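Quick one, structure for this:
(one chain, ligands or ions: 3)
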Amino acid sequence: MIRIFLTGYMGAGKTTLGKAFACEISVPFIDLDWYIEERFHKSIRELFTERGEASFRELERNMLHEVGEFEDVVVSTGGGTPCFFDNMEYMNGCGQTVFLDVHPDILFRRLRVAKLQRPILQSKTDEDLRTFIVEALDKRAPFYSQARYRFDAGYLESRGQIDESVQRLRQLLGL
Ligand SMILES: Nc1ncnc2c1ncn2[C@@H]1O[C@H](COP(=O)(O)OP(=O)(O)O)[C@@H](O)[C@H]1O
Ligand SMILES: O=C(O)C1=C[C@@H](OP(=O)(O)O)[C@@H](O)[C@H](O)C1
Ligand SMILES: [Mg+2]
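Numbering: from 1, shown residues only. Ligands and ions are numbered 1, 2, ... in the order given. As a prediction, the model looks like this:
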C-alpha cells in the first residue's frame, strides 16, 4: 500500500510534482486544497475569508484525516497543513512524508506571479512578500523538518525538469 504526503511551503511544487508523480507510479492523486474546495463548493480563498483561518485549519485537519484513510494515494497537502494540530504526527503515523525543500529566492520568483490564488499572500507587495516568505519558513521549519524525507524541489520550471524531478523522487522513496 502506497500512501505519500507531500509537504512544503506555498509554491514548493506540491501540486505540480504530486500530480506528475502519482501519474508516473499509477496511483490516484489528491490535492488537499482541491479536495476541500470540491467538498465545500467554495474556493480556499472564500473559505479563508468567510470562516477565518482558525476555522479553516480545523476543516483542513478533518479533511486530512479523511484522505489519510485512503489506500494507495499521493496527497499534496496545503503549505500550512503540517503546522497545525498534530497533523505532522498523524501523517508520519499513516504514511510516508516528504518535505519539498526550496530556496526562498525560488519561492519568491514562483509566488510573485501566483499570489492571487493564495489568501495569505494576495495583498503583499514584492518587498513584503520576500520578507514574509523568509519569516514564515523560519517559523514552519520545525514542522517541515519532521518529514521522513527531504527533497530538493527547486527544479520544476519545464516539462523536462518535472520529469527529472519525478524520477529523483521515485529513487528517494525506493519506488
Ligand atoms: N515555470 C514557472 N514559472 C513561474 N511560476 C511557476 C512556474 N512553474 C510553476 N510556477 C508556479 O510555482 C508554483 C509551484 O507550483 P505548485 O505546485 O502550485 O506549488 P504548491 O502546491 O506547493 O503551492 C505555482 O504557483 C506555479 O504557478
Ligand atoms: O501555506 C498556507 O498556509 C496555505 C497554503 C495553500 O496551499 P499551497 O501550499 O498548495 O499553495 C492553501 O492551503 C492556503 O492558501 C494556505
Ligand atoms: Mg498546492
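
Give me every residue in the protein lying close to ligand 2.
Counting by CB under 6 Å from any ligand atom, the residues of the chain lying close to ligand 2 are 10, 14, 15, 33, 44, 78, 79, 80, 118, 119, 120. Every C-beta, even on glycine, is put in place using the N, C-alpha and C of the backbone.

close enough to count as contact, the fifth one and residue 35?
No. Using CB atoms under 8 Å, residue 44 is not in contact with residue 35, being 10.7 Å away.

So the two - more neighbours on which side?
residue 44 (20 against 17; other CB atoms under 10 Å).

any idea of the pLDDT on the more buried one?
For residue 44, the pLDDT comes out at 94.

and the nearest residue to it once chain neighbours are set aside, what does it touch?
In this structure, residue 44 finds its nearest non-sequential neighbour in residue 33, 5.3 Å apart by CB to CB, 6 or more residues apart in numbering. Residues counted as contacts of residue 33 (CB atoms under 8 Å, 6 or more residues apart in numbering) are 15, 44, 76, 78.

cool, residue 107 as well?
9, 10, 11, 12, 133, 137.

tally of neighbours for the last one?
Residue 137 has 17 neighbours, counted by other CB under 10 Å.

Residue 23 against residue 74, yeah?
No. The pair residue 23 / residue 74 is not scored as a contact, 9.1 Å apart, by CB under 8 Å.

Which of the two has more residues huddled nearby?
Using other CB under 10 Å, the more surrounded residue of residue 23 and residue 74 is residue 74, with 27 against 13.

Surely that one and residue 24 touch.
No. Here residue 74 does not reach residue 24: they are 9.6 Å apart, not a contact under CB under 8 Å.

looking at the protein, which residue lies furthest from center?
Within the chain, the residue lying farthest from the chain centre (CA atoms, centre = their mean) is residue 127, at 23.6 Å.

Just the element for that one, please.
helix 126-144 (DSSP states H and E).

One more: residue 36?
Here residue 36 is assigned to helix 32-40, by DSSP H and E.

least trustworthy helix or strand in the protein by mean pLDDT?
None of the helices or strands of the chain scores lower by mean pLDDT, DSSP states H and E than helix 44-51, at a mean of 94.

then that one to PDB, C-alphas only?
Extracted C-alpha coordinates of helix 44-51, given in PDB (Å, rounded to 0.1, in the frame of the first residue of the first chain):
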ATOM      1  CA  ILE A  44      -9.800  28.200  -0.400                       C
ATOM      2  CA  ARG A  45      -9.900  32.000  -0.600                       C
ATOM      3  CA  GLU A  46     -13.600  32.100   0.100                       C
ATOM      4  CA  LEU A  47     -13.300  29.600   3.000                       C
ATOM      5  CA  PHE A  48     -10.500  31.600   4.500                       C
ATOM      6  CA  THR A  49     -12.400  34.900   4.200                       C
ATOM      7  CA  GLU A  50     -15.800  33.600   5.400                       C
ATOM      8  CA  ARG A  51     -14.600  31.400   8.300                       C
END
